[in-house]
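Peer 1: Build me a structure from this.
(2 chains)
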2 protein chains.
Amino acid sequence: MIDIPARMVGLDWGTTSCRAYLLGEDGTVLDRRLDGRGVLALSRSGENRTAAFEQELDDLCGEWLRSAPGLPLVACGMVGSNQGWAEAEYRHLPVDLTERPESLTEVPTPLGPLFIIPGLFKDGTAGSPSDHPDVIRGEETQVLGTLPSGTGDTAAGTGDAADDGAGSPAVVVLPGTHTKWLRLEGTRVSDFVTTMTGELFGLVMQHSIVARLAEEPQAPDLDAFDRGLDVAFAATEPVPAAPTDVATSLFSARTLVMAGELEPTAVKDYVSGLMIGAEVERFAHLWIGEQDIAGGRITICANAQLGGRYARALERAGIASDLAPEDAVVAGLWRTALALGLIDKEDS
Amino acid sequence: MIDIPARMVGLDWGTTSCRAYLLGEDGTVLDRRLDGRGVLALSRSGENRTAAFEQELDDLCGEWLRSAPGLPLVACGMVGSNQGWAEAEYRHLPVDLTERPESLTEVPTPLGPLFIIPGLFKDGTAGSPSDHPDVIRGEETQVLGTLPSGTGDTAAGTGDAADDGAGSPAVVVLPGTHTKWLRLEGTRVSDFVTTMTGELFGLVMQHSIVARLAEEPQAPDLDAFDRGLDVAFAATEPVPAAPTDVATSLFSARTLVMAGELEPTAVKDYVSGLMIGAEVERFAHLWIGEQDIAGGRITICANAQLGGRYARALERAGIASDLAPEDAVVAGLWRTALALGLIDKEDS
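Peer 2: Here you go, the predicted structure:
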């Protein structure tokens, strides 16, 4: 079945999906299964959660591992949460992503041991109520995959042991249900923040009064998206014209339709613009503006469609961005396996 | 059944409920029915919407009107929307609430004609994307009911015809599913804004990831509410500590529980504080702070529990407030009926 030697299996196992990759030399993708079930579906499947995860793993990777037994199995994401297969630990900030994680959760499976990469944990700062504890599972591996190859990798024996991970600051955004914004100094994560824009957008478009008059667009309506961005940015520049946070601006999606000024099919993209615009505007002013970002650009990890929306909103804020390859997580899984010694650098 | 003469029936007929009042001399409440079904339930009840509204009216007021036939029936609220019984018109801002509405929607019913009070409409300002069209139905009557009696009332023949409705500026907030903030100059509404804080709170506590770990509190937890306020206000004072809009601060309701720093039973009140705090903080800075509010106070129209939360948040922003009587809408219905000549001032 497989013509060139397989080296490992990597899994990006999140809340709503699981993506499995069969990797060969240098982390080349030999095969992939992108339709696996996520933690939410599997943890709901009754008392035998282990059996559900084992079955899903077999469905996705059984064929690979029966062809090439003994391949290391490495996973990141919510599979390591208390809702997942086994609870993996967290690394506490600041964390150099290229350093070998101190602890690794090993889960026995019929296909061999599964290694779950720890998440990241940010402690809250006492006395600062706006600086809360925060958590990441999976995004740390995606971000590692976006770092230039060869940076850090100290534990994997690159000979670059003097590299302490410091470097020019950078910002990475990972849009999704729970969007993550990370601040990096070189390969070291110094801060991150979760924002629930994606989940709120889903709730509003599914259940709110705005959803009642919205009609599904035939195609993405970027003019409507831009109009939403305009409203989000106008709310704060330079002197706010009106008290327009999302809870307030959202009602305009209803009244503009009532007044015949917005098509029902434009509502979804307009609201997307309102909400992404509000998020980006805030991070642009309060997070990106305050530091000298490397190359003046930030990195977006998302599929082209959602990532393109963030790029558009950032451009509106005067900030250039780069879209990371969609499979950045593969490079992150590969580099982590190397750092952990699960695969041998010299063989690769 | 009724010992003192009835003069009219007033209805506050909103989206989720209908409250009916039998009024005597000077608008005294002789009887009330507070459990009527709202527009949402009635408009869903099949093709014969008229029959559903007629039946509900009869259930609430039939007994009164059979005892005292011919009483004027006056209603405000979403009953006059396109989802309601009959679509009533809007008055366009600026509107003097004490002036006789130019148009009135009269609906024939088996109990006599029902008069629906027009709502208020704010046109969007061309070129200002943050200043959208906005609508009100019902709150205008509540606010009229909070105005000192004798102010305005020109059309009802108080002899005060020279009063043009101008006066010192005031702000009224009407918290609810769709909270309304109104700016008044005397008896004239100069501006209003709708914010969907209440609906978003409901969506978050019913459907979001935060809802999954929240437990219903035994009693309101005002300490948790205050903690939410602290986070909301810390986000913007005086130099923002972090990019903490609601979409971002909300995730702390999850991570604080995970970190053992917030009880699951405190989540609901904490989120209430986060969301009301964010709303009040924004209006306090951008709307109230910019004008010299009459007496330095603002008026809150809500029940004691929700109104108390807004008062607490306003106090946190250094703004004093007064809670309007819960039945302010009754006074508004009475005054409107007088202005419309549906009841005779001299008789009262």
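Peer 1: what does the stretch 201-348 of chain A have sitting close to chain B?
Peer 2: A:203-204, A:206-209, A:227, A:230-231, A:234-235, A:240-252, A:255-256, A:258-259, A:261, A:275, A:278-279, A:282-283, A:285-287 (Cβ under 8 Å from any Cβ of the partner chain). Where you see a C-beta, it was placed from the backbone N, CA and C, and this is true even at glycine.
Peer 1: Put the buried members of those into a PyMOL selection.
Peer 2: A single PyMOL command suffices to select whichever of those are buried according to 16 or more other Cβ atoms under 10 Å in any protein chain shown:
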select buried, chain A and resi 203+204+208+209+227+230+231+234+235+241+242+243+244+245+246+247+248+249+250+251+252+255+256+259+275+278+279+282+283+286+287
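Peer 1: helices or strands next to the biggest helix by length in chain A in the packing?
Peer 2: Selection of the longest helix in chain A by residue count, based on DSSP state H, yields helix A:49-67. Packing contacts for helix A:49-67, counted by 3 or more Cβ pairs under 8 Å, 6 or more residues apart in numbering or on different chains; DSSP states H and E, involve strand A:6-13, strand A:17-24, strand A:29-37, helix A:39-43, strand A:73-76.
Peer 1: okay, now the domains of chain A?
Peer 2: What automatic domain parsing lists as the domains of chain A is A:6-165+A:329-347, A:197-323.
Peer 1: Using a markdown table, lay out the ones you listed together with mean pLDDT.
Peer 2: Shown next, in a markdown table, are the domains of chain A (pLDDT from 0 to 100):
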| stretch | mean pLDDT |
| --- | --- |
| domain A:6-165+A:329-347 | 87 |
| domain A:197-323 | 88 |
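Peer 1: Of all these, which one comes closest to B:T336?
Peer 2: The closest of the domains of chain A to B:T336 is domain A:197-323. By Cβ to Cβ, the value is 23.7 Å.
Peer 1: what distance separates the start and the end of the closest one?
Peer 2: 19 Å (Cα to Cα, to the nearest Å).
Peer 1: Check stretch A:285-305 too.
Peer 2: 24 Å.
Peer 1: So what's the residue count around A:C301?
Peer 2: Other residues lying near A:C301 total 24 when counted by other Cβ atoms under 10 Å in any protein chain shown.
Peer 1: Same question for A:Q218.
Peer 2: 7.
Peer 1: That one: what's it in contact with?
Peer 2: Taking Cβ atoms under 8 Å, 6 or more residues apart in numbering or on different chains as the contact definition, A:Q218 lies against A:T265.
Peer 1: Name the nearest residue to A:L274, sequence neighbours excluded.
Peer 2: Closest residue to A:L274 apart from its sequence neighbours, by Cβ to Cβ, 6 or more residues apart in numbering or on different chains: A:G228 at 4.1 Å.
Peer 1: And for the one you found, the neighbour number?
Peer 2: 30.
Peer 1: pretty sure it is in contact with A:G277, am I right?
Peer 2: Yes. Between A:G228 and A:G277 there is a contact at 5.8 Å, judged by Cβ atoms under 8 Å.
Peer 1: Centroid-wise, who is the farthest residue in chain A?
Peer 2: A:A259 (38.4 Å; Cα atoms, centre = their mean).
Peer 1: what's that residue in contact with, if anything?
Peer 2: By Cβ under 8 Å, 6+ apart, the residues touching A:A259 are B:124, B:133.
Peer 1: same check, this time on A:G70
Peer 2: So A:G70 contacts A:G112 (Cβ under 8 Å, 6+ apart).
Peer 1: at 6 Å instead, please
Peer 2: A:G70 is in contact with no residue at all, counting by Cβ atoms under 6 Å, 6 or more residues apart in numbering or on different chains.
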